[in-house]
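Undergrad: need coordinates for the below:
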Amino acid sequence: MVFRSKAPLRIGLAGGGTDVSPYSDLYGGAILNATISLYATAHLEILDTQEIILVGADRKETETLVFEDSLPLSGKLDLHKGVINRIRKDHGIPVPGFRLTTNVDAPAGSGLGTSSTLVVAIIGAFTEMLGLPLGEYDIAQYAYDIERKDLQLAGGKQDQYAATFGGFNFMEFYENDKVIVNPLRIKPEYLHELENNLVLYYTDTTRESASIIREQQKNVTNNNEESIEAMHQLKEQSRMMKEALLQGRLHEIGKILDFGFQQKRLMAKNISNSRIEEIYESALKAGALGGKISGAGGGGFMIFYCPGTTRYKVIETLCTFGGEVKQFNFSKYGLTTWSA
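TA: Have a look, this model is predicted:
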């Protein structure tokens, strides 16, 4: 028997960074994001031997371990080990051994929430195998605790909730890990138009998001007024985006994205760089009305809003920088698990 799961990656449309503590604890954060047809998958196969075989198919990494009380973290497949250690501690794993194989449809550090989505997918496979009574909020918070507290990886809260819930969501973040997920009922014709007008571009670079996030956190702790005000404006951007999508005012999306791009650069110094600025300005000259850096910034994916038929000229321009335009559809569903 094989226990399987998949969870969708996400694009952030507004409010990015306001889900990160201590900002969200002090002021409350708000983000609007949407899941897309790129996934993290996990396959859990029970073995007769007393060993754990970990396979990161997309990373071409494999590790075989003895089934011990706690798997040692080594910098290799640590997300897998972190989930296994926590699941075994809290629920037990009553099998002699197993093979855990995972795959992610985008590179780590590319800004689509890959690490957190992978953690959610792995939890999903174990939930299916063990029959754990965990709801959506439970799984998302569990993933957050494993990644941020157990493994001490810097980051926010939106990715775990997006991967678990799926769809378009307006999310609110408060102190004491309080999160409210508000699913948005957007008319299908608005979604089709938005999907048509968004271009997802991979810059062919990845970045170590933790350093950017730590600087952002430090700016809040040190009461950096420029950085904090930028986060306030990004929180307001998420509300602007929500109203525009619900009311079908799609002609405003580009301007709202551009507003967020200007503000996000003020949160931390490495969010943008000369290459990102050149790509962004070239896309605007080609017809895009606005865009954003996905995730913490510094590289990875970028998103551009291209009305009418301007997407073709924008794509042509983006291709001159190398990288890759990634085709996608919006994904309605979040974490899905099954057995075979």
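Undergrad: return the set of buried residues in the lowest-mean-pLDDT helix or strand in the chain.
TA: Using mean pLDDT, DSSP states H and E, the weakest-scoring helix or strand in the chain turns out to be helix 209-221, at a mean of 78. By 16 or more other Cβ atoms under 10 Å, the buried positions in helix 209-221 come out as 209, 212-213, 215-217, 219-220. All C-beta spots, glycine's among them, are computed from the backbone N, C-alpha and C.
Undergrad: quick check: chain neighbours aside, which residue is closest to residue 86?
TA: Closest residue in space to residue 86, ignoring its immediate chain neighbours: residue 146 at 5.1 Å, by Cβ to Cβ, 6 or more residues apart in numbering.
Undergrad: would you turn the buried residues of helix 209-221 into TSV with distance to residue 113?
TA: Converted to TSV, these look like this (distance: Cβ to Cβ, whole Å):
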residue	distance to residue 113
209	10
212	15
213	13
215	20
216	16
217	18
219	22
220	21
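Undergrad: closest to residue 312 among those?
TA: residue 209 (31.3 Å; Cβ to Cβ).
Undergrad: residues contacting residue 84?
TA: 52, 71, 93, 100, 122 (Cβ atoms under 8 Å, 6 or more residues apart in numbering).
Undergrad: residue contacts, the second one?
TA: Which is residue 71. Counting by Cβ under 8 Å, 6+ apart, the residues that residue 71 touches are 52, 65, 81, 84-85.
Undergrad: from the residues you listed, which land in helices?
TA: Members of the contacts of residue 71 lying in helices (criterion: DSSP state H): 81, 84-85.
Undergrad: which of these lies closest to residue 308?
TA: Closest to residue 308, out of all of the ones in helices among the contacts of residue 71 and judged by Cβ to Cβ, is residue 81, at 48.6 Å.
Undergrad: so what's the residue count around the closest one?
TA: Other residues within reach of residue 81, judged by other Cβ atoms under 10 Å, total 22.
Undergrad: hmm, it is touching residue 68, no?
TA: No: between residue 81 and residue 68 there is no contact under Cβ atoms under 8 Å: 10.6 Å.
Undergrad: hmm, back to that, same list (the ones in helices among the contacts of residue 71) but as a markdown table, adding distance to residue 187.
TA: Shown next, in a markdown table, are these (distance: Cβ to Cβ, whole Å):
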| residue | distance to residue 187 |
| --- | --- |
| 81 | 44 |
| 84 | 43 |
| 85 | 44 |
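Undergrad: in a markdown table: those, plus distance to residue 245 and pLDDT.
TA: A markdown table is the format used below for the ones in helices among the contacts of residue 71 (distance: Cβ to Cβ, whole Å; pLDDT from 0 to 100):
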| residue | distance to residue 245 | pLDDT |
| --- | --- | --- |
| 81 | 39 | 97 |
| 84 | 39 | 97 |
| 85 | 40 | 96 |
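Undergrad: and the residues you listed, which is closest to residue 114?
TA: residue 81 (17.0 Å).
Undergrad: quick one, helices of the chain?
TA: Counting by DSSP H, the helices of the chain are 23-27, 78-91, 114-130, 136-144, 158-165, 188-197, 209-221, 225-247, 253-264, 274-286, 310-319.
Undergrad: looking at these, which is nearest to residue 45?
TA: helix 114-130 (9.8 Å).
Undergrad: in terms of secondary structure, what does that closest one contact?
TA: strand 2-14, strand 29-47, helix 78-91, strand 97-104, helix 136-144, helix 158-165, strand 336-339 (3 or more Cβ pairs under 8 Å, 6 or more residues apart in numbering; DSSP states H and E).
Undergrad: and the ones you listed: which comes nearest residue 280?
TA: Comparing the helices and strands packed on helix 114-130 under Cβ to Cβ, the one sitting nearest is strand 2-14, at 16.1 Å.
Undergrad: list the buried ones in the closest one?
TA: Those buried within strand 2-14 under the rule 16+ other Cβ under 10 Å are 3-14.
Undergrad: and it, how far out from the chain's middle?
TA: 8 Å (Cα atoms, centre = their mean, to the nearest Å).
Undergrad: what pairs with that strand, and is each one parallel or antiparallel?
TA: Applying DSSP bridges, strand 2-14 is found paired with strand 29-47 (antiparallel), strand 336-339 (antiparallel).
Undergrad: what is the orientation angle of it with helix 253-264?
TA: Angle, strand 2-14 to helix 253-264, by axes from the mean of the first three to the mean of the last three Cα atoms, to 10 degrees: 90 degrees.
Undergrad: can you pull the contacts of the residue nearest to residue 43 when sequence neighbours are not counted?
TA: Sequence neighbours aside, residue 101 is the residue nearest to residue 43 in space, at 4.5 Å (criterion: Cβ to Cβ, 6+ apart). Listed by Cβ under 8 Å, 6+ apart, the contact set of residue 101 reads 42-43, 45, 55, 57.
Undergrad: low-scoring stretches of this protein, by residue?
TA: For the chain, applying pLDDT under 70 flags the ranges 206-210, 268-270, 296-298.
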